[in-house]
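> This is a predicted model, with the sequence first.
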Amino acid sequence: MLYKTKRLLISICLIIICFLLQTTVFQSLNFGGIVPNLMMILTASFGFMRGKRTGLLFGFFCGLLADIFFADVLGLNAMIYMYIGYTNGKFNRIFYPEDIKLPLLLILVSDLSYGLLYYITRFLMRGRFHFVYYFRHIILPEMVYTILITLLLYPLILFVNKRLEASEQRSARKFV
Amino acid sequence: MSPVVKKKGEKFTLPSKYLLFILTLLCMALIVLTFNTNFLSAPLSAAGGFLVTPLQVGISKAGSWLNTRSEELVQIRSLLSENEQLRAQVDELTMENIKLQQDRYELTNLRELYDLDAQYDDYDKVGARIIAKDSGNWFHSFVINKGYQDGLAIDMNVMAGSGLVGRIVDVGPDWSKVMSIIDDNSNTSGMVLSTSDNLIVCGDLELYADGVIRFEKLIDSADRVVEGDKIVTSNVSDKYLPGILIGYISSINVDSNNLTKSGLITPAVDFEHLEEVLVITELKKVPDDSQS
């Protein structure tokens, strides 16, 4: 039971830290006004590292946090993030910690689909049809920046996950 | 066998497929609720603000400190040449200032005559610091470090320097969310100062990189509005106090309907480097039945 509380606490901390970094420090470190999507890295990586369930929960809470602070409609980001986390969870079966190509690709595709979905729901619906502009000036730079940050952040997330799994296995062995 | 069936000795967990379905329904309900009403936003915002705002205050201070240090190094060289230019400008401005003071003396007299209130020098203002910006790259709203405990309320106008930044759209105990006029969602009712013609200032993400905003629906059949004219908030706006500077017209052209004009405005505020803002703690007074 103890490791579950520990896992929960660490997850909450990770979400809040990523949200804070994204809204504060990285706003000062932006490139041409573009900020990397740390919460997407977190959602996607926990999706493929731990499965559909964790992925969708991480996505839901990351999105909800972004919604509470910055969106005028509550729940839209939560839904988009949640589905992306869930979809990443489907790749849990072919995920190996040693391989970095699959995580990079998945995070790239996740950020792309977030950009597309957000464009469709918030801009296309209001009659902003100039998709190419938005793709070149928002979606693509965000993807590139996010991937660069992934190279730094992903090993950290992997490390945290490895430690968590190790302590879970230890406590599981104790009870057998 | 149904996946929900409890196995012997195993703790009950909901399969992720069902969890996804339930949370999707929850999200949809939230979207519909918050789209039509706003009774949910207050408690959630308060909870979020309670958890996160204190941390944001600290971190953004650290972040902006780092940013200032790195910018300082770059700026020293340009500062030297700028200093010379500014000295020349100071002389120029001193002359102008003397002239303006004379004008102002005249203006005060005239205002007394007309029994008008002074312009926005006299609005009560509260300074606030920006502690976080929108987590995505699509909209330009930000959070400031004061809330209803400091007397702020929804729809209060926010300025920086001499220009309009936006208005408060959400308020918590010690934080509030500001939607800027360059936000893609924002439409502001403005007025050309010289001719009192009304127009609509719309934020546009496509123009954000160029540092300009768009205006529309200017009716100017006498062709009196020219580039460089001042745009201020209009008297007929129900959210903005009248006479706050928005910016200057940088280009203007006739719409295809030949009745209205549209064009671009250079805003008076540097939105790229906003750090501190002023909130006017006075709300525009409008009739109570805002049904129309």
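Here it is on my side, so go on.

> For A:Leu64, give me its contacts.
By C-beta atoms under 8 Å, 6 or more residues apart in numbering or on different chains, A:Leu64 lies in contact with A:Leu74, A:Gly75, A:Asn77, A:Ala78. No exception for glycine: its C-beta is placed from N, CA and C like everyone else's.

> Determine the three-state secondary structure at the first one.
It refers to A:Leu74. Classification of A:Leu74 by DSSP: H, G, I helix; E, B strand; the rest coil places it in coil.

> And it, what's its pLDDT?
Predicted confidence (pLDDT) for A:Leu74: 84.

> burial measure for the residue nearest to it when sequence neighbours are not counted, as a count.
Sequence neighbours aside, B:Thr34 is the residue nearest to A:Leu74 in space, at 4.1 Å (criterion: C-beta to C-beta, 6 or more residues apart in numbering or on different chains). By the criterion of other C-beta atoms under 10 Å in any protein chain shown, B:Thr34 has 20 neighbours.

> for B:Leu152, same thing?
By other C-beta under 10 Å, neighbour count at B:Leu152 equals 22.

> so who does it touch?
Applying C-beta under 8 Å, 6+ apart, the residues contacting B:Leu152 are B:Val126, B:Lys146, B:Ile168, B:Val171, B:Ser176, B:Val279, B:Thr281.

> Kindly reformat these as CSV containing secondary structure, pLDDT and neighbour count.
Listed next are the contacts of B:Leu152 as CSV, based on DSSP: H, G, I helix; E, B strand; the rest coil; pLDDT from 0 to 100; neighbours: other C-beta atoms under 10 Å in any protein chain shown:
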residue, secondary structure, pLDDT, neighbour count
B:Val126, strand, 85, 16
B:Lys146, coil, 87, 23
B:Ile168, strand, 91, 22
B:Val171, strand, 86, 25
B:Ser176, strand, 88, 27
B:Val279, strand, 90, 26
B:Thr281, coil, 86, 16
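
> Does anything pack onto the longest helix belonging to chain A? Which helices or strands?
Longest helix in chain A, counting residues (DSSP state H): helix A:140-175. If you count contacts as 3 or more C-beta pairs under 8 Å, 6 or more residues apart in numbering or on different chains; DSSP states H and E, helix A:140-175 packs onto helix A:2-23, helix A:38-50, helix A:101-122.

> mind checking pLDDT for residue 78?
Answering for chain A, as no chain was given. 92.

> that's the other chain; I wanted chain B
Confidence for B:Ser78, expressed as pLDDT, is 82.

> sec struct for it, please.
helix.

> what about B:Asp238, how many residues close to it?
Residue neighbour count, defined by other C-beta under 10 Å, stands at 12 for B:Asp238.

> Among the contacts of B:Leu152, which one lies nearest to chain A?
Using C-beta to the nearest C-beta, B:Ser176 comes nearest to chain A of the contacts of B:Leu152, at 11.0 Å.

> Enumerate every residue touching that closest one.
By C-beta under 8 Å, 6+ apart, the contact set of B:Ser176 is B:Val143, B:Ile144, B:Lys146, B:Gly147, B:Tyr148, B:Leu152, B:Ile168, B:Asp170.
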